[in-house]
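Engineer: here is a sequence with its predicted model. Questions after.
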Amino acid sequence: MRVDLFDFELPAESIALRPASPRDAARLLLVDGDRPFEDRIVRDLPSLLRAGDVLVFNDTKVIPAQLEGLRGQARIGATLHKRLGLRQWQAFLRNAKRVREGDQIDFGAGVTALAGPRDDDGGVTLTFEGDDPVEVLLERAGRMPLPPYIASKRPTDARDRSDYQTMFAREDGAVAAPTAALHFTPDLMAALAGAGVVSETLTLHVGAGTFLPVKAEDTDDHRMHAEWGRIEQATADRLNAARQAGGRLIAVGTTSLRLLESACGEDGVIRPFADETRIFITPGYRFRAIDGLMTNFHLPRSTLFMLVSALMGRERMQAAYAHAIESGYRFYSYGDSSLLLP
């Protein structure tokens, strides 16, 4: 399909630079089949879901994966996006033309890395020097990797350390937050449990590739970035049992959805999974694992807007986004949310 079919105009003032406070006070656009759109808030979720429904969260934890350093006198920015080994990460570099294989980059605070070969996604392999775990080095020298559409408008600050982390964050490895889950609070989770809504977690380490633009003119020519995920056997068993009992599986975020669909067979059975996924979902895809999606509002021409268009229909989502823009919804990572029930 032509990528320009997924374009739309978004006013700059629609981009959220801070999250709602409290988190569950964010607005929620309900897109339920062909029914009229409903303007709700996230705190309404217990009344919008049914007893036996399952919300599936991503428990990945964002690491401070952005680094600023020097290669000689040249300033180099690095955003880690994929772990390769104990001391090796793939990274997207700013001013990458000034870095050659074998160069040392000094990120300050005693953190240095050697540049290795370039990968197919345009990144560079960095091998961190010394004996400390890379996570310790990042705590010393790194900062939270805010999306470019926020970082270009304001500097990262101390608030982002907590704002850009979900309450479910447990497994270190993401360089971008599973942002739909940012809206959840302990009070909301208690209300959902009281309404009979179940929660489960899986792990997909979100990479910086999620922000890469689609440069191809046709979706068939786009090469999707890889991300590593895991679903445990016991989790898969509970999800399958819930669905067999009539519950709906509602993915909280496109990351949860992509992993569930990657782990699900043609028979509709979710199986344990521990691997990379490059799944690229566009209109015409037949969903096997999920019955709904809670997700924030995505960039024009992005793989994620293509995904929600596959779930609900492209024209339906174009209309939903037009309604959201006209109604003052806040977009992107720190913005408002939507509940999509096909």
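Structural biologist: In hand now; what should we look at? Being a predicted model, the structure only gives us computed values, none of them experimental.
Engineer: residue 262 - how many residues pack around it?
Structural biologist: Residues lying near residue 262 (other CB atoms under 10 Å) number 20. Just so you know, the C-beta spots here come from the backbone N, C-alpha and C atoms, and that holds for glycine as well.
Engineer: list the residues that contact the closest residue to residue 154 other than its chain neighbours.
Structural biologist: Nearest residue to residue 154 in three dimensions, chain neighbours excluded: residue 17, at 5.9 Å (CB to CB, 6 or more residues apart in numbering). Neighbouring residues of residue 17 by CB atoms under 8 Å, 6 or more residues apart in numbering: 150, 153-154, 334.
Engineer: in contact with residue 47: list those residues for me.
Structural biologist: Contacts of residue 47 (CB under 8 Å, 6+ apart): residue 195.
Engineer: wait, is the residue nearest to residue 154 part of a strand?
Structural biologist: No. Under DSSP: H, G, I helix; E, B strand; the rest coil, residue 17 sits outside any strand and is assigned coil.
Engineer: quick one: buried residues of stretch 221-228?
Structural biologist: When burial is assessed from 16 or more other CB atoms under 10 Å, stretch 221-228 yields the following buried residues: 222, 224-228.
Engineer: low-confidence ranges, the chain, go.
Structural biologist: Scanning the chain for pLDDT under 70 picks out nothing.
Engineer: centroid-nearest residue for it?
Structural biologist: residue 178 (3.9 Å; CA atoms, centre = their mean).
Engineer: name the nearest residue to it, sequence neighbours excluded.
Structural biologist: According to CB to CB, 6+ apart, the nearest residue to residue 178 is residue 58 (3.9 Å).
Engineer: ok, that neighbour touching residue 203?
Structural biologist: Yes. Shown here, residue 58 and residue 203 form a contact pair, counting by CB atoms under 8 Å, at 6.7 Å.
Engineer: tell me where this structure has helices.
Structural biologist: 45-48, 134-141, 148-151, 158-163, 186-194, 233-244, 254-263, 303-312, 314-326 (DSSP state H).
Engineer: pick the most buried one from the ones you listed.
Structural biologist: Ranked by mean neighbour count under mean count of other CB atoms under 10 Å, the helices of the chain are led by helix 254-263, which reaches a mean of 27.
Engineer: what does that helix rub up against?
Structural biologist: 56-58, 60, 178, 180, 202, 204, 206, 227, 229, 231, 236, 239, 249, 251, 270-273, 275, 277, 279, 281, 287-290, 293, 295, 298, 304, 307-308.
Engineer: now, the residues you listed that are in strands?
Structural biologist: 56-58, 60, 202, 204, 227, 229, 231, 249, 251, 273, 275, 277, 293, 295 (DSSP state E).
Engineer: state the pair within the residues you listed that is farthest apart.
Structural biologist: 275 and 295 (23.3 Å; CB to CB).
Engineer: the more surrounded of the two?
Structural biologist: residue 295 (23 against 11).
Engineer: which residues does residue 273 bridge with?
Structural biologist: Applying DSSP bridges to residue 273 gives these bridge partners: residue 231.
Engineer: any quick PyMOL command for the buried ones out of the contacts of helix 254-263?
Structural biologist: Entered in PyMOL, the line below selects the buried ones among these, by 16+ other CB under 10 Å:
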select buried, resi 56+57+58+60+178+180+202+204+206+227+229+231+236+239+249+251+270+273+277+279+281+287+289+290+293+295+298+304+307+308
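Engineer: for residue 190, see how far away residue 39 is.
Structural biologist: 24 Å (CB to CB, to the nearest Å).
Engineer: next: residue 126.
Structural biologist: 42 Å.
Engineer: likewise residue 166?
Structural biologist: For residue 166, the distance to residue 190 - CB to CB - is 16 Å.
Engineer: swap in residue 324?
Structural biologist: 28 Å.
Engineer: try residue 53
Structural biologist: Counting by CB to CB - residue 53 and residue 190 are separated by 16 Å.
Engineer: any idea how far the residue nearest to residue 178 lies from residue 254?
Structural biologist: 10 Å.
Engineer: ditto for residue 37
Structural biologist: Relative to residue 254, and taking CB to CB, residue 37 is found at 20 Å.
Engineer: give the buried residues for stretch 7-25.
Structural biologist: 10, 14-16, 19-20, 23-24.
Engineer: so which of those residues comes closest to residue 243?
Structural biologist: residue 24 (26.2 Å).
Engineer: you'd agree the closest one is up against residue 184?
Structural biologist: Yes. Counting by CB under 8 Å, residue 24 sits close enough to residue 184 to count as a contact (6.7 Å).
Engineer: domains for the chain, by residue range?
Structural biologist: 3-62+163-341, 66-142 (automatic domain parsing).
Engineer: what is the neighbour count of the closest residue in space to residue 173 that isn't next to it in sequence?
Structural biologist: Closest residue to residue 173 apart from its sequence neighbours, by CB to CB, 6+ apart: residue 205 at 3.8 Å. When neighbours are defined as other CB under 10 Å, residue 205 has 25 of them.
Engineer: start the count at 163, not 1, going forward
Structural biologist: Sure, I'll start counting at 163 from here, so that last one is residue 367.
Engineer: ok, now how distant is the closest residue to residue 405 other than its chain neighbours from residue 452?
Structural biologist: Spatial nearest neighbour of residue 405, excluding adjacent residues (CB to CB, 6+ apart): residue 411 at 5.9 Å. Per CB to CB, residue 411 is found 5 Å from residue 452.
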